[in-house]
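> generate a structure from the sequence data that follows.
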Amino acid sequence: MTPAFLEAARGGTPAHTPIWVMRQAGRYLPEYRKIRENIDFLSLTQTPELAAEVTLQPVRRFGMDAAILFSDIMTPLEGMGIPIEFQGGPVLPEPIEKASDVARVTPLEPEEGVPFVLETVRRCVEQLPEEVPLIGFCGAPFTLMCYLVQGRGSKDFVKARAFLRSEPAAARDLLDRLADGMATYLEAQVKAGARALMIFDSWIGLLSEPQFRELERPALDRIAAALRPLDVPLIYFPNQGGHLLGGVKGLDVDVMEIDWRRPLSAADADLDGSYVLQGNLDPSALFAPPETLDQEVDRVLAEGRKLSRGHIFNLGHGIDRHTDPDQLARVVDRVHAAPVGGQE
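As a prediction, this is how the structure comes out:
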């Protein structure tokens, strides 16, 4: 029997609406915090036994319909010649500052550059129930470029956006290099056992639609074309990208994650009903009283039942670190008990 998540991702009608949540493995869980007492974040991501355990924790606790690999979007960059440190967030001691620096970004050889990720995938797949597929993931080219040029996190990534304008040819070269590296990275995850893939474009909302069409869309098309022969569902998340959906339309992916700022039915219309939609409960709803939370879940489910190709329940962004796990358990149970599209 096809797992509910994969059935939905292919546009089918599963027995229940599948649910998983972004950042479901992490610091809101006491069992995760216990592991972190003795190990730093970077070491945890590079220790397959522990990274696999963390990946599995929310599946055991909540009965999620998919697991997502515990890692970080920056992880593969070290294997592409870019040193990274974590100081409460990623820090690049040698950011890209001029056109000639782009040559420092080299092709990824997964078995050499990220062997611990592939071993984590294999360990997860060995331990997951057959009905719970593992989602592999990467950061999107523009989002990775933001960190590579800015050198660290930022609210506006002005240095990265300036680089797009001051060095357009170098920026396109960098985005292509990142696209090729992420395609290789995702393919390796599938070969190790991942059964679906997700591309996180966390900072794409900083671009205008013309910039998106000119710069990021070709890089995304490059990734999608490389991965399509693998025949696994591909998810794209244009965070805060409601204004970009006209430019996103036609991208060769199966599922589009929608953040909470755009109703699912409106996004469905923007995208001509071409995709399964994933989302989009506001993570802050998990802090509401139980009856209010129920109403918010029901609202998203009602939107999901209107969609052209189907719905995978998720949050509209990652779960907050201060969330009560019992609130998430309530959401999972309510989603699983709800009728799916066409049912009474």
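> how many other residues sit next to Gln295?
Neighbourhood size, Gln295 [other Cβ atoms under 10 Å]: 12. Backbone N, C-alpha and C define where each C-beta goes, glycine included.
> mind listing what's buried along the strand or helix carrying it?
Under the criterion of DSSP states H and E, Gln295 resides in helix 290-305. Residues 293, 296-297, 300-301, 303-305 are the ones in helix 290-305 that count as buried (16 or more other Cβ atoms under 10 Å).
> pick the one among those closest to Thr75.
Taking Cβ to Cβ as the measure, Thr75 sits nearest to Val300 out of these, at 30.7 Å.
> quick one, what contacts the nearest residue to the closest one once chain neighbours are set aside?
In this structure, Val300 finds its nearest non-sequential neighbour in Leu281, 5.1 Å apart by Cβ to Cβ, 6 or more residues apart in numbering. Contact analysis of Leu281 by Cβ atoms under 8 Å, 6 or more residues apart in numbering lists 260, 296-297, 300, 313-316, 331.
> of those residues, closest to Gly193?
Asn314 (21.9 Å).
> picking that back up, want to try TSV for the buried residues of helix 290-305, with pLDDT and distance to Leu144 as columns?
Putting the buried residues of helix 290-305 into TSV (pLDDT from 0 to 100; distance: Cβ to Cβ, whole Å) gives the following:
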residue	pLDDT	distance to Leu144
Leu293	98	34
Glu296	98	32
Val297	98	33
Val300	98	30
Leu301	98	34
Glu303	97	31
Gly304	97	30
Arg305	96	36
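> would you map the strands across the stretch 1-150 of the chain?
Taking DSSP state E, counting those that start in this stretch to define them, one finds strands in the stretch 1-150 of the chain at 67-68, 85-86, 90-91, 134-139.
> what's the first one packed up against?
In terms of contacts (3 or more Cβ pairs under 8 Å, 6 or more residues apart in numbering; DSSP states H and E), strand 67-68 is packed against helix 48-62, strand 134-139.
> how far off centre is the first one?
In this case it means helix 48-62. 17 Å (Cα atoms, centre = their mean, to the nearest Å).
> and the angle for it with strand 134-139?
120 degrees (axes from the mean of the first three to the mean of the last three Cα atoms, to 10 degrees).
> now helix 48-62: buried residues?
Buried, per 16+ other Cβ under 10 Å, within helix 48-62: 48, 50-59, 61-62.
> closest one of those residues to Pro133?
Val59 (10.6 Å).
> I'd guessed that closest one sits against Glu131; true?
No - Val59 is beyond contact range of Glu131, at 10.3 Å (criterion: Cβ atoms under 8 Å).
> ok, which stretches of the stretch 151-300 of the chain are helices?
Here the stretch 151-300 of the chain has its helices, by DSSP state H, counting those that start in this stretch, at 158-166, 168-192, 209-211, 217-227, 245-248, 264-270, 290-305.
> save these as a markdown table, and put in distance to Ile35 too.
Listed next are these as a markdown table, based on distance: least, Cβ to Cβ, whole Å:
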| stretch | distance to Ile35 |
| --- | --- |
| helix 158-166 | 33 |
| helix 168-192 | 22 |
| helix 209-211 | 41 |
| helix 217-227 | 32 |
| helix 245-248 | 37 |
| helix 264-270 | 35 |
| helix 290-305 | 28 |
